[in-house]
Each structure stands twice: as structure tokens, then as C-alpha cells.
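*Asks:* Quick one, fold the following:
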Amino acid sequence: MAEAEACPAFRLGGSRYDQGSFLGRLRHFVDIIDPSTLLVSETRLKESIKLLDDFKHGRLPTGVSDLQLWEAQKVKQATRSSCRSECQVIGLLLPNQTVVSTIIWQWLNQSHNACVNYANRNATKPTPTSRFLQGYLGAVTSAVSIAVGLKVLIDKANKLSPATRMIIQRLVPFPAVASANICNVALMRHNELSEGIDVLDADGKVVGSSKIAARHAIAETAFTRVVLPMPIFVLPPIIMSYLEGLRFLQTKRRLMLPIHSLVCLLTFGLSLPAAISLFPQMSQIEVSRLEPEIAMATDCKVVTYNKGL
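*Replies:* Okay, here's the model as predicted:
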């Protein structure tokens, strides 16, 4: 019985863990970003894809267990969804940033975020290329403006001690990235606000298109994007300011960057699954809170919509 609960019947495209609870979603995303999948060989990836294809077309070999199928899907999803944000995080948190380096790292980070938001949007409505460019330019402009503005203000604050100024400089990326992330999500998915997103009944049938549900979806996603960088940009500066004071590292400065990178990587690995697990991807909302025409089109009291990631 315990084994059945630990490994439920395989569902292609589904999740091994309960997506109705935060813990289940957390386990799901921790599974997807498992660093061991970075070592998966091309042969193992092809075998996993073939196994899933055999399952889809009813050609599954005898003796293949649900656990093997879940592992195959994990390999496929993890390989396609491998995150490359760690290097950007490290770059944003490097000490002694210049205006030019600040602009470059913020531009790289928001370019990545624009692609992530576009790829993980609710795609029930087509998004014009102009919307993508608008979101991209808006996010980059806001991030660079805030980051550079804060840096200039700190550089002019002569009353601050060098140690205090260093800590504040390292904390500057958080408000810059958080505000830019909100702009990025809102602008990249503005089409959903104007046209609405599909809401589904209990049978998965489209009931209608709701702008109110779209606002909820984007608000939840934007909140996630604010929570996500919080530990990443707050904890490493505090930890590194302490570590840099140790005599051991003062005599071995060459170890500073590897240790800094490791601290950022560990923090990122913890904060990413926790942040995107805050809300289920398939969220629910009461019909009474939506447009009157949707309430008239269904007898359901609650409908479902795809929030995106």
C-alpha cells in the first residue's frame, strides 16, 4: 500500500505528486530540477523518450513499471526544462559592479525571463510578436533604470562605511529584478488581459473566456516572480559578507568566486521550486467572481484555468 502511494499509476503528462497541495507541487518541481538529470546521457534520453512514446501508442514492453515511466518522464521534462539562470544570478550579485556590467547582467537576466514568461504563458490565445517585443523592452528598461539609479545613489552616499555600502550594493539587484519581473509578466502576457483566458468546467470543457481569470493568473504569476528572487538576492550577500571576513578566505582570495557561485547555486536550488509551488498551475476560481455570461453558461460553482508558470 505504501509503495502504491509513493508511486501512483503513471499518467502521461501528469505529475507523480499531488498538485493540489503545496508540498506535492514542491516535490514535483524539486524532482524536475534534480541536478542529477544534468548528467543524463544522450542514450538515456532517447530511451526515455521511446519508452514514453511506446506508452502513448500502447506498445509498452511487458514488465515496465510505473516507477520506470515516471523516471522516463522526469528525464524528458528535466532535459527540456533545464534552467540556466544560475550564471545570471551570480553575475548580478558580483561585487564592485560598474554601470556597464550592471546594464549587461540586467539585460541578460530579463532577456531570459522574457523567454520563460512567453514559453510558460496561457497559450489559449495567440500572442502577437509586437506584444513580445513590448514586454521585452519594458522589462529591460525598468530593470536597468532601477538598478543604475540605485547604484548612482549609493555611490553618492559618502556617509556610508565601505562595508555597509558593499552590502547595500549587493542588495540593489533585488528591487530592480523584482520590479522588472512584474513588468515582464504583465507586458508579456498583456494579451491575456485584453482578450481573456479559457476557463474549464469539471469535465475539462471550455465554458468561456474570462478577463477576470486572466487578471488572477497574471497576479499569481507576478507574485511568484517577486518571491523567487527574494532569497536569491538577499541571502548570498549576507552570507558572503560574513565569509569574506574570515581569515582563511582573506589569504585565499582565489576561492572567493567558487564559494560565491556555490552559495548562489544552493540558494537558487532552494528558492526556485518553493516559489513556483506557491500556486497550482491549474488554478480554480468561483464562477460567482467571474463575468455574468460565464455564470450563465455553466452550472458549475467552480471553474479551472491555466495560470501558467
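
*Asks:* in the stretch 1-150 of the chain, which spans are strands?
*Replies:* In the stretch 1-150 of the chain, no strands are defined using DSSP state E, counting those that start in this stretch.

*Asks:* Walk me through the domains of the chain.
*Replies:* Domain ranges of the chain: 2-80, 86-295, per automatic domain parsing.

*Asks:* Lowest average pLDDT across those domains?
*Replies:* If you rank the domains of the chain by mean pLDDT, domain 86-295 sits at the bottom with a mean of 77.

*Asks:* give me every residue that touches residue 48.
*Replies:* 71-73, 75-76 (CB atoms under 8 Å, 6 or more residues apart in numbering). C-beta coordinates here come from the backbone N, C-alpha and C atoms, glycine included.

*Asks:* hang on, the earlier thing: output the domains of the chain in a markdown table; the columns should cover distance to residue 308.
*Replies:* Below are the domains of the chain laid out as a markdown table (distance: least, CB to CB, whole Å):
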| stretch | distance to residue 308 |
| --- | --- |
| domain 2-80 | 14 |
| domain 86-295 | 5 |
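
*Asks:* out of these, deepest packed?
*Replies:* domain 86-295 (a mean of 17; mean count of other CB atoms under 10 Å).

*Asks:* so which helix or strand takes in residue 207?
*Replies:* Using DSSP states H and E, residue 207 maps to strand 206-210.

*Asks:* Kindly export that strand (C-alpha atoms) in PDB.
*Replies:* Taking Å, rounded to 0.1, in the frame of the first residue of the first chain, the C-alpha atoms of strand 206-210 are listed here in PDB:
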ATOM      1  CA  VAL A 206     -14.300  25.300 -22.200                       C
ATOM      2  CA  VAL A 207     -17.100  27.400 -20.600                       C
ATOM      3  CA  GLY A 208     -15.900  30.800 -21.800                       C
ATOM      4  CA  SER A 209     -13.100  33.300 -22.000                       C
ATOM      5  CA  SER A 210     -12.600  35.400 -18.800                       C
END
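
*Asks:* Run through the neighbouring helices and strands of it.
*Replies:* In terms of contacts (3 or more CB pairs under 8 Å, 6 or more residues apart in numbering; DSSP states H and E), strand 206-210 is packed against strand 197-200, helix 292-297.

*Asks:* Distance to residue 222 added to those, as JSON lines?
*Replies:* Formatted as JSON lines, the helices and strands packed on strand 206-210 follow (distance: least, CB to CB, whole Å):
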{"stretch": "strand 197-200", "distance to residue 222": "15"}
{"stretch": "helix 292-297", "distance to residue 222": "23"}
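
*Asks:* Which SSE is immediately downstream of the strand holding residue 207?
*Replies:* As assigned by DSSP H and E, the chain's next helix or strand after strand 206-210 is helix 211-227.

*Asks:* what sits up against stretch 11-20?
*Replies:* Stretch 11-20 is contacted by residues 7-8, 24-25, 27-28, 31, 52, 55-56, 70, 73, 280-282 when judged by CB under 8 Å, 6+ apart.

*Asks:* and what of stretch 222-231?
*Replies:* 113, 173-174, 177-178, 181-182, 184-186, 267, 270-272, 274-276, 278-279.

*Asks:* hmm, 7 Å instead?
*Replies:* Here stretch 222-231 makes contact (CB atoms under 7 Å, 6 or more residues apart in numbering) with 174, 177-178, 181-182, 185-186, 267, 270-272, 275-276, 278-279.

*Asks:* So which of these are in helices?
*Replies:* Within the contacts of stretch 222-231, residues falling in helices by DSSP state H are 174, 177-178, 181-182, 185-186, 267, 270-272, 275-276.

*Asks:* Now distance to residue 152 too, for the residues you listed, in TSV please.
*Replies:* Formatted as TSV, the ones in helices among the contacts of stretch 222-231 follow (distance: CB to CB, whole Å):
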residue	distance to residue 152
174	17
177	18
178	19
181	22
182	22
185	27
186	26
267	27
270	32
271	28
272	31
275	30
276	33
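
*Asks:* got the contact list for residue 270?
*Replies:* By CB under 7 Å, 6+ apart, residue 270 lies in contact with residue 231.

*Asks:* try 6 Å
*Replies:* With CB atoms under 6 Å, 6 or more residues apart in numbering as the criterion, no residue contacts residue 270.
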